[in-house]
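Engineer: Would you be able to build a 3D model of this:
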Amino acid sequence: MKQVYFTLTGTGYHCGTEFLEKDMTVFLEKEKDNEFDTEAICVRLPGLGKIGHVANSVRTRIGESWSAGRLYDRIGDTAEAKVMYILPRGVLCVIGLEDED
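Structural biologist: Now for the predicted structure:
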């Protein structure tokens, strides 16, 4: 299993980041009906719903994190990930992916 980072972005449009903690599980869901991004992946939490999106732009990705476009075909319709770092520009999360042969 390969560990891959992604940036959770857009939290300011939803619930903010104050409640997020390191190692918290977040849930990814492909947003197939997103009219702005055909590779959109939203990030959800039980009870809150959508808390943001996986960053899909060089302007919103942090460090070595993968874009939503790069992750989109590597996950199913849903997936789980963990919060790693909560930063002013976004939240860095990690997801385990099957190694490609």
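
Engineer: Look up which residues are beta-bridged to the closest residue in space to Gly10 that isn't next to it in sequence.
Structural biologist: Computed as C-beta to C-beta, 6 or more residues apart in numbering, the closest residue to Gly10 that is not its neighbour in sequence is Gly52, at 4.2 Å. Glycine gets a C-beta too; all of them are placed from N, C-alpha and C. On the basis of DSSP bridges, Gly52 is bridged to Val43.

Engineer: Isn't Gly52 up against Ile41?
Structural biologist: No: with contact defined as C-beta atoms under 8 Å, Gly52 does not count as touching Ile41 (10.0 Å).

Engineer: ok, which stretches of the chain are strands?
Structural biologist: 2-9, 25-30, 41-45, 49-54, 78-87, 90-97 (DSSP state E).

Engineer: Can you say which of those is nearest to Glu18?
Structural biologist: strand 78-87 (9.1 Å; C-beta to C-beta).

Engineer: measure Asp99 to Lys2 for me?
Structural biologist: As judged by C-beta to C-beta, to the nearest Å, Asp99 and Lys2 stand 5 Å apart.

Engineer: higher neighbour count, those two?
Structural biologist: Lys2 (10 against 6; other C-beta atoms under 10 Å).

Engineer: residues contacting the more buried one?
Structural biologist: Shown in contact with Lys2 (C-beta atoms under 8 Å, 6 or more residues apart in numbering): Gly96, Leu97, Glu98, Asp99.
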